[in-house]
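Q: no sequence for this one, just the structure:
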């Protein structure tokens with residue numbers, strides 16, 4: 001055992017977990033080897049200190065629970081102030097995409113129909129120059145073949161009488 005030191009055995013197994021045979025072998029070897037004796041004494045001392053420290057009871061300082069609960073409440077109120085921020089993080093992408101879609105539709109509705117609408121209204125006004133509103137409000141175009149009010153009324157009321165029959 002002179003070539004083999006007990007330091008490895010002490011590092012692998014706690015002092016309380018050693019068998020009586022191992023313990024007597026360690027004590028015998030530690031009388032011959034100064035380095036192993038120092039390791040055995042350190043292991044014994046650390047085992048005693050750990051045992052003493054384990055028996056101590058730890059009591060929190062006074063008002064510890066009150067301070068901890070106060071900090072928890074403070075953090076909870078801090079989170080309530082950022083409720084809008086949490087909601088924005090959750091739905092921000094959806095709201096942003098909806099706003100972009102509305103903006104795109106607004107731009108398209110003002111730019112594209114503007115050019116096509118004038119040509120459509122011109123076509124409508126040239127094909128139907130005698131609409132019912134224009135005739136009733138006497139807003140007909142001044143053209144060569146104007147019809148009289150009597151002809152318009154006869155046309156309007158004769159068609160209603162035929163439908164009623």
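A: Nice, thanks for sending it over. Since this is a predicted model, take the numbers as computed values, not measurements. Numbers count the residues shown, from 1 in each chain.
Q: the bottom helix or strand of the chain by mean pLDDT?
A: The weakest-scoring helix or strand in the chain, judged by mean pLDDT, DSSP states H and E, is helix 132-136 (a mean of 68).
Q: got a pLDDT number for residue 100?
A: Looking at residue 100, its pLDDT reads 96.
Q: could you look up the SS state of it?
A: helix (DSSP: H, G, I helix; E, B strand; the rest coil).
Q: so who does it touch?
A: For residue 100, the contact set (C-beta atoms under 8 Å, 6 or more residues apart in numbering) is empty. No exception for glycine: its C-beta is placed from N, CA and C like everyone else's.
Q: so how far is residue 89 from it?
A: Plainly put, residue 100 is 18 Å away from residue 89 if you go by C-beta to C-beta, to the nearest Å.
Q: relative to residue 76, how far out is the residue nearest the centre of the chain?
A: With distances taken as C-alpha atoms, centre = their mean, residue 90 lies nearest the centre of the chain, 3.2 Å away. As for residue 90, its distance to residue 76 is 19 Å (criterion: C-beta to C-beta).
Q: how many neighbours does residue 47 have?
A: Neighbour count of residue 47, defined by other C-beta atoms under 10 Å: 13.
Q: in which helix or strand would I find it?
A: Assigned by DSSP states H and E, residue 47 belongs to helix 34-55.
Q: which strands and helices lie in contact with that helix?
A: The contact analysis (3 or more C-beta pairs under 8 Å, 6 or more residues apart in numbering; DSSP states H and E) places helix 34-55 against helix 7-12, helix 20-32.
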